[in-house]
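**Student:** Predicted model and sequence below, questions to follow.
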Amino acid sequence: MRILLTNDDGIHAPGLDVLERIARTFSDDIWIVAPAEEQSGAGHSLTLSRPVRLRQFDERRFAVSGTPTDAVMMALREVMPAAPDLILSGVNRGANLGDDVTYSGTVSAAVEGALAGIRSIALSQVYEKEGMGDNVPFAAAEEWGARVIQPLLGLPFAPRTLVNVNFPARAPADVQGIRVVRQGFHDYARGSVVEGTDPRGYRYFWFGLHGIEHTPGHQTDLEAIQDGFVSITPLQLDLTHDASLAQLAQRFS
């Protein structure tokens, strides 16, 4: 089985090393094509206004001067001798839950794989403390990663779908199990924008990652993680709101 690994935290990210160790429990045919630098929050963006450069570290390890989407496209069109059987994206440093998946470069790399008809899985490690940098503990992802991926290997994915996995911020022994759940939705009304002043006296703004609330009481990825479970959520790329089609068609008839 040929496996492509990518991420949005960059080619040197600790989570990518974790993902490689997980992937090697399934195969030795591992290819890594990832952004040269961190691309968190890049979403499904594609580099169009400047050239994309490719740097090779060894026979099957490459860095791309662009987004996670660029990395997957370069892997499939330029780097790999044949399409992979599986794309794994991550392990992301931080959660990709609820509607945050629309911002996520980690999830978007898997989206690009799904668009190419390849079985694709995004994996993220939730953590509790801000300011941890590269010191985020990936123990839960490392211990539970293969257990999550193994059952998915023999499962047919519907066209244009992917699977989003999040590991809770707990020691491996404290993880409660695996829960298959819907995508949740955050309430961003209390999300923060932090204002500051740079050394030259100019104002700047930094989007805060805290203070975001969600509504408990329903079975979504948000509650699964809160309860200490690994969350598994199938995502689809068809964003059409079917219930509105007839109403809009009538309005414009």
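**Tutor:** Done, it's in.

**Student:** so where's the stretch 1-150 of the chain uncertain?
**Tutor:** Counting by pLDDT under 70, the stretch 1-150 of the chain contains low-confidence residues at 130-134.

**Student:** go with 80
**Tutor:** 129-134 (pLDDT under 80).

**Student:** all helices of the stretch 151-253 of the chain, in order?
**Tutor:** Along the stretch 151-253 of the chain, the segments classed as helices by DSSP state H, counting those that start in this stretch run 221-226, 245-251.

**Student:** What average pLDDT does the last one get?
**Tutor:** Here helix 245-251 scores 95 as its mean pLDDT.

**Student:** cool, the shortest one as well?
**Tutor:** Average pLDDT, helix 221-226: 94.

**Student:** Convert the C-alpha atoms of it to CSV, please.
**Tutor:** Only the C-alpha atoms of helix 221-226 are listed here, as CSV (Å, rounded to 0.1, in the frame of the first residue of the first chain):
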residue,chain,number,x,y,z
ASP,A,221,-17.2,16.1,17.5
LEU,A,222,-17.1,19.0,20.0
GLU,A,223,-18.8,16.9,22.7
ALA,A,224,-16.9,13.7,21.9
ILE,A,225,-13.6,15.5,22.5
GLN,A,226,-14.9,17.2,25.6
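
**Student:** Give me the residues contacting that helix.
**Tutor:** With contact meaning Cβ atoms under 8 Å, 6 or more residues apart in numbering, helix 221-226 is reached by 95, 97-98, 126, 164, 166, 168-169, 179, 181-184, 186, 214, 216-217, 230-231, 233. In this view, the C-beta of every residue, glycine as well, is placed from N, C-alpha and C.

**Student:** which of these count as buried?
**Tutor:** 95, 97-98, 126, 164, 166, 168-169, 179, 181-184, 186, 214, 230-231, 233 (16 or more other Cβ atoms under 10 Å).
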